[in-house]
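Colleague: Build me a model from this:
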Amino acid sequence: MKKVLIFGMGGFAGAYLAQELQTHGYEVHGSDLHAKLIGNVSVIAADLLDAEAVEKIVCGVKPDAIINLAAVSSVGQSWGMPQTTIQVNVVGSLNILEAARKLDKKPKVMFIGSSEEYVGSDEPMNENTPLDANNPYGISKIVQERFAKLYREQYGLKIYCVRPFNHTGVGQRDSFVLPSFCKQVAEIERSGRPGVIKVGNLAVRRDFSHVKDIVRAYRMILESDDDTQIYNVGSGKAYGLDELLNYIIALSRQQITVAMEPSRVRPTDTPVICCDYSKIEKELGWKPEYTVFDALEELYESYL
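Modeller: Model (predicted):
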C-alpha cells in the first residue's frame, strides 16, 4: 500500500482528499499546525515554515508521495498579508522540497497552483494562457511553480503542479464568497424574518467546481507518468456571482435584501475566470461529475 503525506490536512480540501485517496487504496498521513484526528487520519502538528519540523515528519513517514494543501489560499486574505502569503506559499513549499530531496527514496510531490496565476481573459483559460497574476496569492503560486521546475531539473524530483479553479463545498470557511452567501441566507431563513445579506463585487463571473471533483483530479494527476505536464481543473462554466446569489436566496422562504459592503470588495478583481479543462479530459480522462449548484445546496443545508 502506497503512503501519501498531506500537508495542510486540516484545511478545507484535506478531509476530501484523504477520503479520495483511501478509497483508492492509499495509506494517508497528515500534518497541520495542530495535532488532531480527521476521519481516521492522525494529523501530526508542524508549522510548514519550520524546516526542521517538516524534515522530521517527512523522514519519519517516508511517504511515496507528498501533497501540499497548506497555503494562504484566499485572494482577499493575501492582500491583507502579502508577506505571510509569500512565506507560507513559497518558503513552506521550499521546506517540503528540501525534505523530499534528502530522502533516499525520492517521493512524488504535488503542489496546488491556481487559476489566479493567469492573465485576465474573457475566454476560457487553458494551460497556454499567459501567466500574469494581479494579486499576491496568484504571484506566490507562480513562484512556487518556478521552484518546482528548478528542483525537478536540478534534483530529479517528480513534482506535479496543478492549477485548480475555484472550488467549494461543505467545510469551506465562510470568508470565501459562496459559503458566506449560504451562511447568511441560512441565518435569515432560521430567523423566520426578512433580512439583509452583505456582499462584495457581484459583477464578476467565476468557474466553481465541487471539491470532490477537484480532489479526484489531484489523485489522477498524481498517478500519471509525466510530472512536467500542468493541468487546469475546473467545471468549464463561469457563472455571475449575482446569478449564484439569486439561486441561494431562492432556497429561502424569507424576503432578503442585498447590500453592498465596501470592505468585501478587493483592490482588483478579474472580470471573468473560466476553465478550459480539455487537456486533462483528453490525457487523463477526468471530467466533472458534480455542479456548483450541487455544492450550493449542500452548503445551504449544512448551515441550516
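
Colleague: how about the helices of this protein, start to end?
Modeller: Ranges of helices in the chain, per DSSP state H, are 14-23, 51-61, 75-80, 82-86, 92-101, 136-155, 177-191, 211-222, 241-249, 278-284, 292-303.

Colleague: Mind checking those helices for the one nearest to Thr228?
Modeller: helix 136-155 (7.1 Å; CB to CB). For every residue, glycine as well, the C-beta is placed using N, CA and C.

Colleague: quick one on the thing from earlier: just send the helices of the chain back as JSON lines, with distance to Gly200, mean pLDDT and mean neighbour count too.
Modeller: As requested, those are exported to JSON lines (distance: least, CB to CB, whole Å; pLDDT from 0 to 100; neighbours: other CB atoms under 10 Å):
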{"stretch": "helix 14-23", "distance to Gly200": "26", "mean pLDDT": "98", "mean neighbour count": "21"}
{"stretch": "helix 51-61", "distance to Gly200": "35", "mean pLDDT": "98", "mean neighbour count": "17"}
{"stretch": "helix 75-80", "distance to Gly200": "8", "mean pLDDT": "91", "mean neighbour count": "18"}
{"stretch": "helix 82-86", "distance to Gly200": "19", "mean pLDDT": "97", "mean neighbour count": "16"}
{"stretch": "helix 92-101", "distance to Gly200": "28", "mean pLDDT": "98", "mean neighbour count": "22"}
{"stretch": "helix 136-155", "distance to Gly200": "16", "mean pLDDT": "98", "mean neighbour count": "19"}
{"stretch": "helix 177-191", "distance to Gly200": "7", "mean pLDDT": "97", "mean neighbour count": "20"}
{"stretch": "helix 211-222", "distance to Gly200": "22", "mean pLDDT": "98", "mean neighbour count": "22"}
{"stretch": "helix 241-249", "distance to Gly200": "8", "mean pLDDT": "97", "mean neighbour count": "18"}
{"stretch": "helix 278-284", "distance to Gly200": "30", "mean pLDDT": "98", "mean neighbour count": "15"}
{"stretch": "helix 292-303", "distance to Gly200": "17", "mean pLDDT": "98", "mean neighbour count": "19"}
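
Colleague: and the ones you listed as a markdown table, adding distance to Glu127?
Modeller: Output for these, formatted as a markdown table (distance: least, CB to CB, whole Å):
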| stretch | distance to Glu127 |
| --- | --- |
| helix 14-23 | 22 |
| helix 51-61 | 29 |
| helix 75-80 | 21 |
| helix 82-86 | 24 |
| helix 92-101 | 20 |
| helix 136-155 | 12 |
| helix 177-191 | 25 |
| helix 211-222 | 12 |
| helix 241-249 | 25 |
| helix 278-284 | 6 |
| helix 292-303 | 22 |
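
Colleague: All good on my end, thank you.
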